[in-house]
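Q: Please work out how this folds:
(one chain, ligands or ions: 1)
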Amino acid sequence: MSRGTDEIFHEQQYLNLLYARLDALRVRAGDQLAGVLRTEHGGTQQARTERDTFATAGAGRLAQLDAAEEGLCFGRLDLDSGERRYIGRIGILDDDGDFEPLLLDWRAPAARPFYVATSAAPQGVRRRRSIRTRFRTVVGLDDDVLDLDVAVDGEDSGLVGEGALLAALTAGRTGRMRDVVETIQAEQDHAIRSELRGVLVVQGGPGTGKTAVALHRAAYLLYTYRERLVKRGVLIVGPNPTFLRYVSHVLPALGETSAVLATVGELFPGVRASRVDAPEVAEVKGRAVMADLIAGAVRARQRVPEDALEVVYEGVKYRLERETCVAAREAGRTAHRLPNFGRRAFAEHIIDALAGQVVDRLNDDPHRQETLALVNLIAAELGEEPADMADGVFLGREDRTRVAEALAEEPSVQEALDWLWPQLTPQRLLAELFATPELLREAADEAAGLAGAADGAPVLTDAELDLLLRTPGGWSAADIPLLDEAAELLGDVDTAAAARRAEAARRARIAYAQGALEVAEGSRSIDLEDPREEIVTAVDLVSAEMLAERFEEEDARSVAERAMADRTWTFGHVIVDEAQELSPMAWRLLMRRCPARSMTLVGDVAQTGDPAGAASWAEMLAPHVEDRWRLAELTVNYRTPAEIMAVAAEVLRRIDPGLTPPRSVRSSGEEPRRVPVPAAELVERVAELAAREDAALAAGTGTDGGDTGRLAVLAPAELAADVAAAVAAKLPDAGFGQDPDLERRTVVLPVRQAKGLEFDTVLVVEPDAVAAADPHGENDLYVALTRATRRLVIVESED
Ligand SMILES: Nc1ncnc2c1ncn2[C@@H]1O[C@H](COP(=O)(O)OP(=O)(O)OP(=O)(O)O)[C@@H](O)[C@H]1O
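A: Have a look, this model is predicted:
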């Protein structure tokens, strides 16, 4: 047996031991779960909730153990001290002996040197070994001997586990993102393990592993700060549903299922963004001044009449004078900052004024003496006291209250109240605002006078206001932050109702808890053998409120479900991928979801495609955290071979000559191909080329004997539908449309939809048209050119 095979044999033995333990743990977790599920239904609420909690935890543990099956152990560290550590997807202890770790979770501090030790800074590591496995079999080993001499010789590539890394990078793509836990590189590890607090910005060019870092950081944080984060949840925000589906398998593969993945368009409960805005409309809606415009719209809806408003009650007309309405508005505004909460005080003022008029009128009734005589006659019949006329008032305070109640039910009064100060949902406010030119102008006038707006200057020009006008129906992604803003400014009617319900439930829980404590208290004297003995019991340690709070955690829904149903939910940590794409209004929404500002923002300002997106991190973050954010930079491109990156670098220079492209970690030996075609034949020729590339992928074996790879045809938005139709005619299985299936071998996408994705072969159609399409066209082209892991074909029409 050679030394190499001897070593493989040895590692296989160890791996067998680990899998035997994994199997045993699975059986145990499965039995426990079955036991929990078999327990009786019914019982107390607490028993039921406990059972649900155990069942959820058991299912989670089982899922975690299942996820660890593939690539359970992938590394070994030999330390100078002689200690040997195996690194893997989960931690496994030896439960036969003294609970020594057999396998360290990759996120544990003791596993860290596996990712960061270098020859220059070996951190006590003598040898780092990457163990490559296929199913449960060891197929190869790569050793790094961390010897200072090697570094001095300049042969250190700076890459950790180079063999395993290159194998991962050249493997065929599958349409799903994979985790990179076996080959995380040092600069990525620094970002992943950065502390929880504060705002961390991870800036890096295309293919530098930003998405990988974002997802592994979520897994790391959930492992390291589990107690704190599992309750509030971790939110991961991505640019579109296609992207979220692409990355959705990574966290489950890492054994984590408790993060919430969403686009900004999904963050307003009860609304699904389905409408598409023109880019210039989305840009205006994303501007920070929209917050002023909405505040203006809210104020403008609290109206007063020029002169007076007429109200009819019991067939009689009453006048609400302007002054009365002004006073009522003041009362409402003083009562509460939020109009939906202040409205009650306003309405009471108006109704009280009207009730006064009604009572006065009735008291002035010329027939009232006759009426009084009649009333007194009836009173005498009933043996009651006659009505008191001493103060000359016929209808007293109680009657006035009754009149007020009747007025509140009166449609004419309700109509007046609704005109003066409507109870608004965010949806109604915005739907009416965007459908009514006068409301938009009034809102803009009010906004210009607000503190946030500069010296009464208009917040938007007339042309920009016109862009906001639309026919009613449906919401766009850019509307979601506006709805959220409106909900903040109006006061959530739903939240107010929910808060009342929650308070009632809380009181019921306290009463129940009080009862429980009293029972405990009552049994205490019986339990005590010696009444003089000082014994601390539950009664001393917990209050009824504390008990009630404990019961409050009994909501059986998962954190993700609860978070997505509650607009006011705040997350323990928020991670934003492609963060450069978010508009200032979207940032306002996200900051509200994370008041603690524990956030990781991942992106590349050179790739900004959204017209409302950011030009610089500092500018974007200043309104929320000023300069209190830290930066981690990723500089190595793991996706795009050097030959392709050279073409993309030309575009980057046009975007900003000051920007440096990331360094490609490998070359493919294949230059990108430019294919000029006659303009009239463009679409047809693209389809032919796509069919050829698709066939080439199908005929390949895949570098690791696995999947043979994926092809994307990326076209300018206006050509995408035609190109898709032509490609589909030749390749009926090709994916395209709003939310294409990325696992098809070939997909056709408008360039902007390719953001964050990658494919083995990429065909870019009409790069000049992509670049010229809008002010961020060059950025879109840069994104399109950097999607390929192996081959790039550029198709250009020529006259
Ligand atoms: N340490 C690593 N080991 C193995 N593969 C890696 C590593 N880091 C990144 N990759 C791979 O490189 C590719 C690019 O990573 P990722 O998509 O995270 O980059 P990105 O910076 O988000 O790119 P972009 O901004 O262009 O969308 C992916 O296939 C990813 O799996």
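Q: any idea how far residue 339 lies from residue 80?
A: Separation of residue 339 from residue 80 (C-beta to C-beta, to the nearest Å): 68 Å. To be clear about C-beta, it is placed using only N, CA and C from the backbone, and glycine gets the same treatment.
Q: Who has more neighbours out of those two?
A: Legend: neighbour count by other C-beta atoms under 10 Å for residue 339 and residue 80, higher for residue 339 (22 against 12).
Q: My read is that that one contacts residue 302, right?
A: Yes - with contact defined as C-beta atoms under 8 Å, residue 339 and residue 302 form a contacting pair (6.6 Å).
Q: number of nearby residues for the residue in the stretch 251-400 of the chain positioned nearest to the ligand?
A: The ligand sits closest to residue 253 of the stretch 251-400 of the chain, with a gap of 12.0 Å, by C-beta to the nearest ligand atom. Residue 253 has 19 neighbours, counted by other C-beta under 10 Å.
Q: List, one by one, the residues from the protein near the ligand.
A: Contact residues (C-beta under 6 Å from any ligand atom) of the chain with the ligand: 165, 168-169, 178, 180, 183-185, 188, 204, 206-212, 604, 638-639, 756, 758, 786.
Q: Tell me which entries of those residues lie within helices.
A: In helices, defined here by DSSP state H, the members of the residues of the chain next to the ligand are 165, 168, 169, 188, 210, 211, 212.
Q: With adjacent residues omitted, what lies nearest to the second one?
A: When the adjacent residues along the chain are set aside, residue 168 lies closest to residue 183, with 5.6 Å between them (C-beta to C-beta, 6 or more residues apart in numbering).
Q: just checking, the one you found touches residue 165?
A: Yes - in this structure residue 183 lies within contact range of residue 165 using C-beta under 8 Å: 4.4 Å.
Q: Tell me which of those two has more neighbours.
A: With neighbours defined as other C-beta under 10 Å, residue 183 and residue 165 compare such that residue 183 has more, 25 against 22.
Q: who are the neighbours in contact with the more buried one?
A: By C-beta atoms under 8 Å, 6 or more residues apart in numbering, the contact list for residue 183 reads 130, 160, 161, 164, 165, 168.
Q: Swap in 10 Å and give it another go.
A: Going by C-beta atoms under 10 Å, 6 or more residues apart in numbering, residue 183 touches 74-75, 115, 130, 159-169, 209, 212, 638.
Q: Check residue 745 too.
A: Residue 745 sits next to 175, 693-695, 697-698, 707-711, 731, 733-735, 759-760 when contact means C-beta under 10 Å, 6+ apart.
Q: So residue 313 sits against residue 406, correct?
A: Yes - Residue 313 lies in contact with residue 406 (C-beta atoms under 10 Å); the separation is 7.8 Å.
Q: between these two, who's got more neighbours?
A: With neighbours defined as other C-beta under 10 Å, residue 313 and residue 406 compare such that residue 313 has more, 18 against 15.
Q: The more buried one: what's it in contact with?
A: 354, 355, 357, 358, 361, 403, 406, 407, 410, 412, 413.
Q: cool, residue 339 as well?
A: 298-299, 301-302, 332-333, 346, 421-424, 429, 489-491.
Q: Any of these buried? List them.
A: 298-299, 301-302, 332-333, 346, 421-422, 424, 429, 489-491 (16 or more other C-beta atoms under 10 Å).
Q: Could you save those residues as TSV and add columns showing secondary structure, distance to residue 231 and pLDDT?
A: Shown next, in TSV, are the buried ones among the contacts of residue 339 (DSSP: H, G, I helix; E, B strand; the rest coil; distance: C-beta to C-beta, whole Å; pLDDT from 0 to 100):
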residue	secondary structure	distance to residue 231	pLDDT
298	helix	33	95
299	helix	38	93
301	coil	38	94
302	coil	39	93
332	helix	37	94
333	helix	37	93
346	helix	39	94
421	coil	39	95
422	coil	38	93
424	coil	33	92
429	helix	33	96
489	helix	29	94
490	helix	29	94
491	coil	26	87
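Q: and residue 565, how far is that from residue 273?
A: The spacing between residue 565 and residue 273, counted by C-beta to C-beta, is 17 Å.
Q: And those two? Which one has more around it.
A: Taking other C-beta under 10 Å, residue 565 and residue 273 do not tie; residue 273 has more neighbours (20 against 12).
Q: what's the burial count for the spatially closest residue to the more buried one that is not a sequence neighbour?
A: Distances taken as C-beta to C-beta, 6+ apart place residue 265 nearest to residue 273, at 3.6 Å, with adjacent residues excluded. Look at residue 265: counted by other C-beta under 10 Å, it has 21 neighbours.
Q: and if you look at residue 274?
A: Per other C-beta under 10 Å, the neighbour tally for residue 274 reads 12.
Q: Could you do residue 646 as well?
A: Around residue 646 there are 15 other residues, counting by other C-beta under 10 Å.
Q: who are the neighbours in contact with it?
A: Counted by C-beta under 10 Å, 6+ apart, residue 646 has contacts 640, 661, 664, 667, 671, 672.
Q: Can you tell me which of those are buried?
A: Using 16+ other C-beta under 10 Å as the burial test, the contacts of residue 646 include 640, 661, 664, 672 as buried.
Q: ok, which pair from the residues you listed is furthest apart?
A: 661 and 672 (14.5 Å; C-beta to C-beta).
Q: List only those of the residues of the chain next to the ligand flagged as buried.
A: Buried subset of these (neighbour count, 16+ other C-beta under 10 Å): 165, 168-169, 180, 183-185, 188, 204, 206-212, 604, 638-639, 756, 758, 786.
Q: Nearest residue to residue 17 in space, please, no chain neighbours.
A: Nearest non-adjacent residue to residue 17 (C-beta to C-beta, 6+ apart): residue 102, at 7.0 Å.
Q: that's a strand at the one you found, yeah?
A: Yes - assessed with DSSP: H, G, I helix; E, B strand; the rest coil, residue 102 lies in a strand.
Q: correct me, but it touches residue 25?
A: No - with contacts counted by C-beta under 10 Å, residue 102 stays clear of residue 25, the gap being 11.1 Å.
Q: which residues are common contacts for the two?
A: Shared contacts of residue 102 and residue 25, defined by C-beta under 10 Å, 6+ apart, are found at 92, 93, 95.
Q: So which of the residues you listed belong to strands?
A: The members of the shared contacts of residue 102 and residue 25 that map onto strands under DSSP state E are 92, 93.
Q: between the shared contacts of residue 102 and residue 25, which is nearest the ligand?
A: Nearest to the ligand among these is residue 92, at 23.5 Å by C-beta to the nearest ligand atom.
Q: need the contact list for that closest one.
A: For residue 92, the contact set (C-beta under 10 Å, 6+ apart) comprises 17-19, 21-22, 24-25, 65, 68, 72-73, 86, 101-105.
Q: Could you rerun that using 8 Å?
A: By C-beta under 8 Å, 6+ apart, residue 92 lies in contact with 18, 21, 22, 25, 101, 102, 103.
Q: Over to residue 321?
A: residue 308.
Q: if we look at the sheet, which residues does it bridge to?
A: With DSSP bridges applied, residue 321 shows beta-bridge pairing to residue 308.
Q: what residues does stretch 672-688 touch?
A: 643-644, 647, 689, 713, 715, 719, 722-723, 726-727, 729-730, 763, 765-766, 791-799.
Q: From the residues you listed, which land in helices?
A: Filtering the contacts of stretch 672-688 for helices - DSSP H - leaves 643, 644, 647, 689, 719, 722, 723, 726, 727, 729, 730.
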